[in-house]
Each structure stands twice: as structure tokens, then as C-alpha cells.
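K.L.:
below are the sequence and a predicted model; questions follow.
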Amino acid sequence: MTSQNAVNKRLPLTAETERLMEAAAAAALNAYAPYSGFRVGAAILLHSGVVVTGANVENMSFGLTLCAERSALVRAIAEHGPKLRIAAVAIANLNQAASPPCGACRQVLAEFCQPDVMVSFPAASSIPGEIHPHTCTFGELMPFGFQLQPRSS
Ligand code: THU
């Protein structure tokens, strides 16, 4: 996957991006979203070539809901450890709606995503009601994430 895609957002998707988006859509089928009905899937491609997926998991105490992106990330870390390296992320939903990652997911992903990581998601187009796949870099999505310097002692 090249950073060229980030610039030329309307270029045909690479086979790798399409594969990742398909994995995200398949994961969305497993979403537990009885309250919103909004079913989201996320797929994380590691540098090793492994793809890890997640889906949103809602709770009747609404604030406890876990988004698909964080679901995929915690699974990736549980399975591959904290030193994993993310190459790309794709997000899909089954609702024909735009679904860029929310701010909370961007902040959580930021600790594991370099600015050049490719992120693909359904975005609203200039035509009302039309959705199209959009790919950009993580740095474009999250230019000013919160950072905390580890304490020296
Ligand atoms: N959701 C995600 O899975 N990812 C996001 O980035 C934003 C929202 C989920 C949470 C909730 O289950 C549903 O979408 C509606 O907000």
C-alpha cells in the first residue's frame, strides 16, 4: 500500500485496501447493536500481513458501548502484543452511512498508528445521500492528538 493513495483519494482502490474493507464489512455482520441499529466493523492490517477485525458492542448502559475500531485494536493487542505495527485500518458499516472513526477511537488508535498509516472509511460525498470509500492517512485524521510524556522517575 502506498501513501500515494492518501493524496489521490479518488484513485481506484488497491486490492489490499479492498480486501481490508471487505474484512471490515464481514466483521460488521457480528456487531451487537440492538440500541442504535448501526452496525460497524473495523479491520486492522498489521505489518506482518495479519488482519484483525472488530465490531461495535453496545450496552444498555449506553456509555459503555465499545466502537468497532477499539474492539479491533484491543483484540489485535491481545493477540499480537503491544509492539504490533499497524499498516492500515478499514472501517465499514451495514447502514449505507458515512462512518469515519469517532474522536475517541482516533485518540486510542493514535498510540499505535504512525501518521502514515492508511485509513479507509465510508464518507459522505458532495452529492447528498451518496457515500463513497475514502482513504487518507492517520495523520490527516488526527493532527493534534493528546500526548503525555512518560514521567522520568
Ligand atoms: N460506532 C463505532 O463503532 N465506531 C465509531 O467510530 C463511531 C460509532 C458505533 C458505536 C455505536 O454502537 C454505534 O456506532 C452508533 O453510535
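P.N.:
Great, that's in hand.
K.L.:
right, and the helix or strand after the helix or strand bottoming out on mean pLDDT in the chain?
P.N.:
Least confident helix or strand, the chain: helix 4-7 with a mean of 42, by mean pLDDT, DSSP states H and E. Tracing the chain C-terminally past helix 4-7 and defining elements by DSSP states H and E, one meets helix 15-28 next.
K.L.:
do the helix or strand just after that following helix and the ligand meet?
P.N.:
Counting by DSSP H and E, the element after helix 15-28 in chain order, helix or strand, is strand 40-46. Yes. Residues of strand 40-46 contacting the ligand under C-beta under 6 Å from any ligand atom: residue 40. Quick note: C-beta positions are derived from backbone N, CA and C, even for glycine.
K.L.:
got the angle for strand 40-46 vs helix 15-28?
P.N.:
140 degrees (axes from the mean of the first three to the mean of the last three C-alpha atoms, to 10 degrees).
K.L.:
can you list the residue ranges for helices in this protein?
P.N.:
4-7, 15-28, 68-80, 103-110, 138-141 (DSSP state H).
K.L.:
can you add mean neighbour count and give these back as TSV?
P.N.:
Formatted as TSV, the helices of the chain follow (neighbours: other C-beta atoms under 10 Å):
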stretch	mean neighbour count
helix 4-7	15
helix 15-28	20
helix 68-80	20
helix 103-110	17
helix 138-141	18
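K.L.:
want to throw those into JSON lines with distance to the ligand?
P.N.:
Conversion of these to JSON lines gives the following (distance: least, C-beta to the nearest ligand atom, whole Å):
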{"stretch": "helix 4-7", "distance to the ligand": "20"}
{"stretch": "helix 15-28", "distance to the ligand": "9"}
{"stretch": "helix 68-80", "distance to the ligand": "4"}
{"stretch": "helix 103-110", "distance to the ligand": "5"}
{"stretch": "helix 138-141", "distance to the ligand": "11"}
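K.L.:
now the weakest link among the ones you listed, please, by mean pLDDT.
P.N.:
Out of the helices of the chain, helix 4-7 stands lowest, with a mean of 42 (criterion: mean pLDDT).
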